[in-house]
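quick one, structure for this:
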Amino acid sequence: MFQKQSLSERDICTKFITPALIAAGWDIQKQVREEWSFTDGRIIVRGQKYTRGKQKRADYVLFYKSTLLAVMEVKENNHSLGAGMQQAKEYADILDVHFVYSTNGDAFLEFDKTQEEGEVEKELSLENFPSPEELWQRYAAFKNLDKKQQEIVKEENHKDETDLAPRYYQQIAINRTIEAVARGDKRILLVMATGTGKTYTAFQIIWRLWKAKTVKRVLYLADRNILVDQTKTGDFRPFGSDIMTKIQNREVDKSYQIYFALYQGLTGTDEEKNVFKQFSPDFFDLVVVDECHRGSAHEESAWREVLSYFDSAVHLGMTATPKETKETSNITYFGEPVYTYSLRQGIEDGFLAPYKVVRIGLNVDEGYRPERGKVDRYGNEVEDRIYNTKDFDRTLVIDQRTKVAARKISEYLKLTNRMAKTIVFCVDTEHAERMRQALVNENSDMLKQYPNYVVRITGDDEVGKKELYNFSSVVEKQPVIATTSKLLTTGVDTKMVKVIALEAGIQSMTEFKQIIGRGTRLREDDGKVYFTIMDFRKVTNLFADPDFDGDPVVIYEPGEDDPIVPPNPEGGEGEDLSEGKPIPGEPGDGEDEDPDGNGPGGDPPIKPKKYFINDVAVTVVNERVQYYGADGKLITESLKDYSRNKLLLEYASLDDFLQKWQATDRKEAIINELAEKGVLFEELQQEIGQDLDAFDLIAHIAFDQPPLTRKERAEEVKKRNYFEKYGAGAREVLQTLLDKYADEGISSIETTAVLNVKPLNLLGTPTELVKRFGKKADFERAVQELELELYRTA
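Numbering: from 1, shown residues only. Down below sits the predicted model:
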């Protein structure tokens with residue numbers, strides 16, 4: 001007979017909690033998820049390597065159909081009944097769950113978030129856990145859902161043969177939207193960061209409403225062909241071709257149920273071109289507005305005309321960046337978002353790629369004033385005034401500046417990965433073409449094997465637009481570098497982009513977030529886990545704006561002679577995809593501008609559109625490294641001071657740190673935990689000493705202890721003749737481990753995997769090496785004792 005207090009947490013679940021749930025009527029296969037890791041763990045970038053932070057994992061999550069109802073944390077029996085409640089409440093807030101439970105196997109402690117007064121926490125016996133129907137009715141009452149509305153909400157998600165399920169935030173977005181439709185809301189806004197699956201979320205919403213017969217006909221609106229095509233052939237494929245159609249060539253077939261369309265394809269200046277009026281105003285039950293920040297809520301937008309015509313339908317707006325200006329307001333039109341999943345949260349959860357920032361300041365960027373009477377290369381006298389980054393390539397072109405930017409981008413790729421997909425955002429199409437030429441010249445060695453290594457992809461370039469699919473492809477190797485102005489700012493699914501170069505002055509936070517979104521998609525299996533922003537225009541100053549919500553890993557400003565790669569630590573003018581037509585409601589029409597600076601008919605204007613200067617020297621200036629903290633604000637103090645403050649939040653004293661260090665079997669766990677909280681060990685090594693390990697960095701920075709190098713610590717161990725108690729074979733292994741520690745640090749020797757790599761694998765197989773100590777446990781004990789010896793001087 002077992003003692004309950006000696007059981008593990010898993011034993012408590014198996015022997016007491018799961019049986020109690022089954023007895024209450026819960027279907028373990030369909031309604032219960034055990035040990036559900038609902039986040040992937042933040043990606044922590046360390047130089048060119050990375051690790052994953054800790055996942056958020058709930059012991060039990062209970063579902064009713066597709067609605068998350070309850071979360072439960074289980075503790076061992078030697079803990080109190082409510083020991084897991086705080087953790088469970090934290091998870092409940094994230095998961096949008098209203099019933100929260102903590103247990104140690106003796107009973108349940110319930111916290112009911114639907115109650116605002118009275119007994120909100122109460123104890124329940126194992127036999128009295130509420131049934132699925134009881135919890136659902138309590139939930140429905142809280143949400144004010146009548147029986148008809150409940151039937152709509154009960155409709156389940158689509159499931160395919162892969163059994164793919166929505167991520168937790170997608171499920172929240174789906175459920176909140178469907179509940180809003182069930183209640184009769186007509187204007188609904190969802191805000192989800194780029195790369196978090198807005199289209200898949202929209203599919204699940206439409207699927208459930210369509211299956212529930214709440215909506216019969218749906219219009220899905222986008223502003224670019226590629227967005228429509230990706231949606232129709234991708235996430236929406238389960239509907240089948242007999243259900244879905246794309247409105248094109250201004251032809252309408254009213255026999256379908258799901259319609260995809262471009263705004264531009266539905267509207268026109270002539271009344272007969274307003275194709276949408278071939279439908280009756282009540283034809284559609286639901287209109288989904290993809291990327292709705294791009295003008296659909298503008299009172300005078302042609303897009304708004306479509307929405308106004310189908311006024312009786314539910315309008316669902318989806319965007320990563322709701323636009324709020326004097327002219328355009330998504331929130332005024334749609335109302336407050338029913339759910340927001342931000343870039344910051346996506347990075348924190350490990351669903352989006354974090355990023356580094358390399359800032360490059362050039363000598364002319366602070367201001368260039370031409371000498372009196374200066375003429376450009378076409379003989380035009382340059383207006384006498386001060387020009388800066390807002391003017392460059394818009395009204396004044398300095399050829400050498402373009403070449404330096406191209407050289408720096410190419411340097412970065414040459415030092416990291418020549419095949420890393422790269423987008424260079426330029427001021428307009430003429431600038432994008434000059435940048436393409438400069439990048440071709442910097443990478444001429446790649447052109448023989450990869451003729452399309454560098455391309456321009458802009459709305460007026462049919463050849464370049466044909467390369468958009470290849471550039472977006474995970475499989476296709478070329479193009480590698482794409483120069484553009486606005487074509488790639490939004491919507492296009494560029495999964496493998498690893499470098500974003502900003503060579504256009506972007507003032508709009510909406511556009512800035514969209515550009516950042518080009519790189520945030522994760523492709524861990526394909527080697528895409530973070531990306532780099534190269535900023536030539538001080539655009540990343542927008543990180544300091546309170547409206548920005550995602551902090552970069554590191555901001556690096558190299559000097560003229562510094563390497564372009566960070567120290568190895570652990571509104572441009574616009575174009576549209578649809579045949580170069582300007583996007584209604586969007587400022588800027590750069591694609592229609594005359595790139596040569598001539599007026600209509602080729603007559604030279606009195607003042608040229610751009611001055612072109614080719615005799616100004618341009619150099620890189622500035623030498624500064626800056627970091628962003630966990631709060632998304634620029635760290636103004638030194639890295640050392642910032643790290644000290646972080647460490648002192650973790651360790652009250654030197655003794656506290658020493659005790660925790662010695663008590664932790666794997667020191668890598670401490671390093672990873674601190675890295676998650678913003679302590680940048682590899683960057684600190686760059687600043688303080690590459691040959692110090694994490695222990696000495698912490699003791700030195702936080703508690704002013706004199707540091708020892710790894711080699712010095714290893715020599716101290718050797719002087720004490722510590723190895724004499726072992727046989728010759730075991731001594732050889734430990735000596736080799738000690739040398740490996742001196743070269744690489746403590747993390748390199750903490751697991752038996754070290755026996756598979758040089759120089760240990762030259763001494764024998766892992767099994768042979770372990771046998772020199774006896775059993776595996778004897779080897780692991782010897783390594784732990786070696787670690788104790790290494791830090792004995794502390």
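
correct me, but Glu348 touches Gly41?
No. Taking contacts as CB atoms under 8 Å, Glu348 lies outside contact range of Gly41: 9.6 Å. In short, each C-beta sits where N, CA and C put it, glycine included.

quickly find the element holding Gly373.
Per DSSP states H and E: Gly373 is located in neither a helix nor a strand.

could you find the closest non-adjacent residue to it?
Using CB to CB, 6 or more residues apart in numbering and skipping the chain neighbours, the partner closest in space to Gly373 is Glu381 (6.7 Å).

ditto for Ala714
Ala742 (4.2 Å).

quick one: name whatever helix or strand follows the strand or helix carrying that neighbour.
Assigned by DSSP H and E, Ala742 belongs to helix 728-744. Using DSSP H and E, the helix or strand that directly follows helix 728-744 along the chain is helix 766-771.

buried residues of the helix or strand following that next one, list them for me.
Once the chain leaves helix 766-771, the next helix or strand it forms, by DSSP H and E, is helix 776-790. Residues 779-780, 782-783, 786-787, 789-790 are the ones in helix 776-790 that count as buried (16 or more other CB atoms under 10 Å).

again, but for stretch 388-395
389, 391-395.

for Asp665, the count of nearby residues, please.
Using other CB atoms under 10 Å, Asp665 has 11 other residues around it.

hang on, it in a helix?
No. Asp665: not assigned to a helix; according to DSSP: H, G, I helix; E, B strand; the rest coil it is coil.

residue contacts, it?
By CB atoms under 8 Å, 6 or more residues apart in numbering, Asp665 lies in contact with Gln784.

any idea how far Val783 is from it?
Distance, Asp665 to Val783, by CB to CB, to the nearest Å: 10 Å.

which outside residues touch stretch 99-106?
Applying CB under 8 Å, 6+ apart, the contact partners of stretch 99-106 are 4, 7, 12, 15-17, 60, 62, 69-85, 88-89, 92, 108-114, 126, 130, 135, 138-139.

cool, stretch 391-403 as well?
The contact list for stretch 391-403, computed with CB under 8 Å, 6+ apart, reads 362, 364-365, 368, 382, 387, 426-428, 431, 434-435, 438, 441, 503-505, 609-614, 616-618.

mind checking how far that stretch is from the chain centre?
Relative to the chain's own centre, stretch 391-403 is displaced by 32 Å; criterion: CA atoms, centre = their mean, to the nearest Å.

send the alpha carbons of it over as CSV?
Presented in CSV, the C-alpha positions along stretch 391-403 are these (Å, rounded to 0.1, in the frame of the first residue of the first chain):
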residue,chain,number,x,y,z
ASP,A,391,15.4,63.9,-48.5
PHE,A,392,17.9,61.2,-49.6
ASP,A,393,16.6,59.3,-52.6
ARG,A,394,13.4,61.3,-52.6
THR,A,395,14.7,64.7,-53.7
LEU,A,396,18.4,64.2,-53.6
VAL,A,397,20.4,61.1,-54.6
ILE,A,398,23.9,60.6,-53.4
ASP,A,399,25.2,57.7,-55.4
GLN,A,400,27.9,56.8,-52.9
ARG,A,401,25.4,56.5,-50.1
THR,A,402,23.5,53.9,-52.0
LYS,A,403,26.7,52.0,-52.7
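
so which bits of the helix or strand containing Ala714 are buried?
For Ala714, the host element (DSSP H and E) is helix 710-719. Residues of helix 710-719 classed as buried by neighbour count (16+ other CB under 10 Å): 710, 713-714, 716-717.

ok, so of the residues you listed, who is nearest Trp661?
Of all the buried residues of helix 710-719, Trp661 sits closest to Arg713, with 13.4 Å by CB to CB.

skipping its backbone neighbours, what lies nearest that closest one in space?
Leu790 (5.2 Å).

circling back to that earlier point, residues making contact with the helix holding Ala742?
710-711, 713-714, 717-718, 723-724, 726, 748-749, 754, 759-760, 763, 769, 772-773, 782-783, 786, 790.

one more time with 6 Å
By CB atoms under 6 Å, 6 or more residues apart in numbering, the residues outside helix 728-744 that reach it are 710-711, 714, 723, 748-749, 759-760, 769, 772-773.

quick one, it and helix 710-719 angle?
Inter-element angle recorded for helix 728-744 and helix 710-719: 160 degrees (by axes from the mean of the first three to the mean of the last three CA atoms, to 10 degrees).
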